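# this one's sequence-less:
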């Protein structure tokens with residue numbers, strides 16, 4: 001992609017997602033994710049109804065009248081976006097590809113964190129770590145993340161969620177708000193790794209999918225290419241048993257995602273490409 005086209009695309013995404021984060025998400029994000037604790041702000045004169053346990057006895061003795069310590073929530077957090085950029089994310093049958101929706105969601109979350117003066121980092125993964133951008137603050141940092149989401153070309157088309165979670169554990173020593181965005185269609189069993197990661201970090205899995213992935217259409221003999229292995233197969237979609245086997249496989253992967261995240265104490269969001277991810281995310285934030 002040429003630089004001019006890239007900048008135009010970045011700007012378009014920035015305008016759309018920043019408006020969402022400014023007017024909708026920043027408040028919900030703020031209340032959904034708490035800071036690390038309370039930090040001292042100032043002292044002021046005691047007022048009727050104040051908690052006597054907050055009285056600063058040293059200042060009170062100095063001025064010969066009661067003063068209390070005022071604390072406020074330590075808001076600064078670190079958000080880490082873990083984005084699946086394997087081959088299956090390039091699928092889409094409606095107006096947008098899954099990868100385009102994933103980019104919009106990631107950008108919206110990043111701008112929401114920026115509104116709260118939080119740090120944002122990025123991990124792009126396939127079956128390996130494709131790119132890691134350490135957490136930092138600022139608009140220019142967020143725009144760099146969006147650029148990478150748009151133009152980064154992965155070395156691999158496969159998916160391994162366990163590897164991505166292990167990498168997260170290695171680089172993030174302090175608690176982080178983690179959003180893993182993927183279709184979660186993978187044969188790797190990531191439950192044990194997720195269980196370990198969820199003990200330290202606040203993890204949410206955002207599943208982005210296309211309606212055509214749920215069921216195989218009956219259109220006869222079709223040549224199909226696996227987006228992650230590049231393997232081409234001649235599939236008889238007219239066979240009921242073939243369609244049932246595919247749907248069973250797909251359902252099992254979706255149920256594994258939902259049940260595994262639930263067992264590990266992590267949140268989940270499911271959003272279809274042709275649905276409003278705004279509605280889904282807002283509903284999730286409000287339910288926390």
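Arrived safely. None of these values were measured; they are calculated from a predicted model. Numbers count the residues shown, from 1 in each chain.
# Please tell me I have it right and residue 164 contacts residue 123.
Yes. Using CB atoms under 8 Å, residue 164 and residue 123 qualify as a contacting pair, with a distance of 6.3 Å. (Each C-beta comes from the backbone N, C-alpha and C, glycine too.)
# For the stretch 151-288 of the chain, which segments count as strands?
Assigned by DSSP state E, counting those that start in this stretch, the stretch 151-288 of the chain shows strands spanning 177-182, 202-209, 221-225, 232-236, 267-272.
# among these, which is nearest residue 88?
Each of these has some distance to residue 88 by CB to CB; the shortest is strand 177-182, at 8.8 Å.
# who does that closest one touch, helix- and strand-wise?
Contacting strand 177-182 under the criterion 3 or more CB pairs under 8 Å, 6 or more residues apart in numbering; DSSP states H and E are the following elements: strand 78-84, helix 98-115, helix 161-171, strand 202-209.
# redo that, cut-off 10 Å
Packed against strand 177-182, as judged by 3 or more CB pairs under 10 Å, 6 or more residues apart in numbering; DSSP states H and E, are the following elements: strand 78-84, helix 98-115, strand 119-125, helix 161-171, helix 191-200, strand 202-209, strand 267-272.
# report the angle between the axes of the third one and helix 161-171?
An angle of 140 degrees separates the directions of strand 119-125 and helix 161-171 when computed by axes from the mean of the first three to the mean of the last three CA atoms, to 10 degrees.
# Can you tell me which helix or strand of the protein has the lowest average pLDDT?
helix 26-32 (a mean of 62; mean pLDDT, DSSP states H and E).
# if we can go back for a sec, determine which of the helices and strands packed on strand 177-182 approaches residue 45 most closely.
For these, proximity to residue 45 was assessed by CB to CB; helix 98-115 is nearest, at 32.8 Å.
# highest average neighbour count across the strands of the stretch 151-288 of the chain?
Using mean count of other CB atoms under 10 Å, the stretch among these with the largest mean neighbour count is strand 177-182, at a mean of 24.
# Pull up the pairing partners for that strand, direction included.
Taking DSSP bridges as the criterion, strand 177-182 sits next to strand 78-84 (parallel), strand 202-209 (parallel) in its sheet.
# Make JSON lines out of the ones you listed and add mean pLDDT and distance to residue 246.
Compiled in JSON lines, the strands paired with strand 177-182 are given as follows (pLDDT from 0 to 100; distance: least, CB to CB, whole Å):
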{"stretch": "strand 78-84", "mean pLDDT": "95", "distance to residue 246": "21"}
{"stretch": "strand 202-209", "mean pLDDT": "96", "distance to residue 246": "14"}
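# closest one to residue 151 among these?
Of all the strands paired with strand 177-182, strand 78-84 comes closest under CB to CB, at 13.3 Å.
# residues of the closest one that come out buried?
When burial is assessed from 16 or more other CB atoms under 10 Å, strand 78-84 yields the following buried residues: 78, 79, 80, 81, 82, 83, 84.
# Residue 278: which of those is nearest?
Top of the list for closeness to residue 278, among those and by CB to CB, is residue 81 at 17.2 Å.
# ok, now how distant is that closest one from residue 262?
22 Å (CB to CB, to the nearest Å).
# Name all residues that make contact with the most centrally placed residue in the chain.
Relative to the mean C-alpha position of the chain, the nearest C-alpha, by CA atoms, centre = their mean, is the one of residue 179, at 2.4 Å. The contact partners of residue 179, taken as CB atoms under 10 Å, 6 or more residues apart in numbering, are 79-83, 105-106, 109-110, 113, 202-206, 267, 269, 281.
# related to what we said a few turns ago, least confident of the strands of the stretch 151-288 of the chain, on average?
Summarising mean pLDDT across those, the least confident stretch is strand 221-225, with a mean of 78.
# neighbouring contacts of that strand?
By CB under 10 Å, 6+ apart, the list of residues contacting strand 221-225 reads 87, 216, 231, 232, 233, 234, 235, 236, 237, 238, 239.
# Run through this structure and note the low-pLDDT ranges.
The chain contains residues with pLDDT under 70 at 1-7, 9-10, 15-16, 18-41, 71-75, 90, 92-94, 225.
# same thing but at 50, please
Low-confidence regions of the chain, defined by pLDDT under 50, span residues 36.
# tell me the residue furthest from the middle of it?
In terms of distance from the mean C-alpha position of the chain, residue 64 ranks first, at 52.6 Å (CA atoms, centre = their mean).
# follow-up on the earlier one: have a look at residue 164 and residue 123 and say which one is more surrounded.
Ranked by neighbour count (other CB atoms under 10 Å), residue 164 and residue 123 place residue 164 first, with 25 against 22.
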